[in-house]
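Peer 1: The sequence isn't on hand, but the structure is:
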Ligand SMILES: Cc1cc2nc3c(=O)[nH]c(=O)nc-3n(C[C@H](O)[C@H](O)[C@H](O)COP(=O)(O)OP(=O)(O)OC[C@H]3O[C@@H](n4cnc5c(N)ncnc54)[C@H](O)[C@@H]3O)c2cc1C
């Protein structure tokens, strides 16, 4: 790891100011991705601005069906929130299967979303829940936020402070984890709203990251049942292929995970 | 360079290190507490697991400066007055180790796991919770047995105390 300078702000405002004054600063949340990247010398920030001690970025608020999760809230806190579990247990279950207990104690929802790993779990939830990504300067719809592999709509120095969404009538997430890394080889988050709107968001499989599957959505809007998925075709040409799974295998996994998610919702 | 202070195994300690120094190196090299091991150093194996403010974390993936001001427990902090912690005693009784390299991380993980699940722990939960700890000798069988035995014993102690 190259040398770096560590800072610990107590407010979002102070954090933004520190990044603005740094040659090449980076925010440090749980560090579960960034520290590993720095060890490999794939990142060499001149300054690290720690977000773990900013009270306004932490915690979960549930108001009726409306949910706000502070960006520095850990996976463990999301997984174990009784308040959140009462309105949207699917997101708690998702968080409870990220990595391992130690990773969940440090890693944060904001860090996961800002990183936008094509195999990360949260991006699928954000897209399917039509979540809003709240930053220090604006609100970004999830649909506009995830722009490509490890790419987001965030500007330099922009900081995610929270995510918000309305809890849907039904939701579930199913992932087929890589047996070694436990990252998704295909993960599907399904949502059904009271008005009949359906969202199916897929992670781990798309060659440009998380995406919605319109064919699945249309089939499930007509008939909300695992059987409805059977005849939907999944085009493998835009899917990832690597030593873990071919594109065709991932295409099939998407169908299986969607069926399981609908059955679980 | 940073001058940092934290509480380690109940004692306040200070030291100077680079901002880039990993917590595990600070613990081993500055504090001389070598029970916490460096295995993979890529956050996969869990040999470096310690508790920070009561939560199990991988000390190879945290900077020492991030831990400044926190309260840390390492494997050296578990035994009290020369008596092994019940989890340590169970690993001994059930032969939950062979070479012993992963053991400090396994024990710290088990203590955290039992604190959260109490005596409700079952085998499937223990195996799932060991996701972040790798043992290349035992095949995990006796580790799981030791954790279940410790959970039962500690749950029993808690009940007796109530
Ligand atoms: C062993 C292991 C297993 C894992 N398994 C999974 C898994 O199964 N599924 C999964 O989804 N993930 C997995 N992860 C990744 C984990 O979820 C990370 O916690 C997450 O990707 C990054 O979150 P973090 O808080 O640690 O962010 P950091 O590593 O601190 O930061 C990541 C990036 O986001 C930026 N950033 C952080 N917070 C903000 C913010 N609020 N605003 C703007 N930018 C910000 C940082 O500058 C950095 O570029 C795993 C990680 C490990 C080590």
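Peer 2: Received, thanks. In this text, all values refer to a predicted model and were calculated from it rather than measured experimentally. Residues are numbered from 1 along each chain as shown, chains lettered A, B, ... in the order given.
Peer 1: so where do the strands sit in the chain?
Peer 2: Reading this off chain A. Per DSSP state E, chain A carries strands over the ranges A:5-7, A:25-28, A:47-50, A:60-63, A:66-70, A:132-135, A:139-141, A:146-148, A:151-152, A:160-166, A:170-177, A:184-192, A:198-203, A:211-212.
Peer 1: that's the other chain; I wanted chain B
Peer 2: Under DSSP E, chain B gives strands at B:2-8, B:11-17, B:49-52, B:55-58, B:71-73.
Peer 1: Tell me which of those sits most buried.
Peer 2: Ranked by mean neighbour count, these are led by strand B:55-58 with a mean of 28 (mean count of other CB atoms under 10 Å in any protein chain shown). In this view, the C-beta of every residue, glycine as well, is placed from N, C-alpha and C.
Peer 1: what's it in contact with?
Peer 2: For strand B:55-58, contacts defined as CB atoms under 8 Å, 6 or more residues apart in numbering or on different chains pick out A:76, A:101-103, A:105-106, B:43, B:46, B:48-51, B:108-109, B:111-112, B:132.
Peer 1: OK, contacts around the residue in the stretch 151-265 of chain A positioned nearest to chain B?
Peer 2: Chain B sits closest to residue A:182 of the stretch 151-265 of chain A, with a gap of 6.7 Å, by CB to the nearest CB. Residue A:182 makes contact with A:97, A:99, A:100, B:131 under the criterion CB under 8 Å, 6+ apart.
Peer 1: and the spatially closest residue to residue A:234 that is not a sequence neighbour, how many neighbours?
Peer 2: Closest residue to residue A:234 apart from its sequence neighbours, by CB to CB, 6 or more residues apart in numbering or on different chains: residue A:251 at 4.2 Å. Residue A:251 has 19 neighbours, counted by other CB atoms under 10 Å in any protein chain shown.
Peer 1: Could you do the one 3 residues further on as well?
Peer 2: Burial measure for residue A:254: 26 neighbouring residues, criterion other CB under 10 Å.
Peer 1: Distance check, the residue of the stretch 151-265 of chain A closest to chain B against the ligand.
Peer 2: Noted for residue A:182: a distance of 5 Å to the ligand, by CB to the nearest ligand atom, to the nearest Å.
Peer 1: Please determine how far that residue is located from residue A:262.
Peer 2: Separation of residue A:182 from residue A:262 (CB to CB, to the nearest Å): 23 Å.
Peer 1: ok, which of the contacts of residue A:182 also contact the ligand?
Peer 2: residue A:99 (CB under 6 Å from any ligand atom).
Peer 1: Domain parsing of chain B, as residue ranges.
Peer 2: B:2-76, B:86-155 (automatic domain parsing).
Peer 1: Tabulate these in a markdown table, adding columns for mean pLDDT and distance to residue A:20.
Peer 2: As requested, those are exported to a markdown table (pLDDT from 0 to 100; distance: least, CB to CB, whole Å):
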| stretch | mean pLDDT | distance to residue A:20 |
| --- | --- | --- |
| domain B:2-76 | 97 | 19 |
| domain B:86-155 | 96 | 36 |
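Peer 1: Of all the strands of chain B, which one is nearest the ligand?
Peer 2: Closest to the ligand of the strands of chain B is strand B:55-58 (CB to the nearest ligand atom; 7.6 Å).
Peer 1: how far out from the middle of the chain is the closest one?
Peer 2: Its chain's C-alpha centre and that of strand B:55-58 lie 8 Å apart, by CA atoms, centre = their mean, to the nearest Å.
Peer 1: rewinding a little: from what I see, the residue nearest to residue A:234 and residue A:238 are in contact.
Peer 2: No - under the criterion of CB atoms under 8 Å, residue A:251 is not in contact with residue A:238, lying 9.6 Å apart.
Peer 1: what do the two both touch?
Peer 2: Taking CB under 8 Å, 6+ apart as the contact criterion, no residue touches both residue A:251 and residue A:238.
Peer 1: surely residue B:3 meets residue B:14?
Peer 2: Yes - using CB under 8 Å, residue B:3 is in contact with residue B:14, at 6.6 Å.
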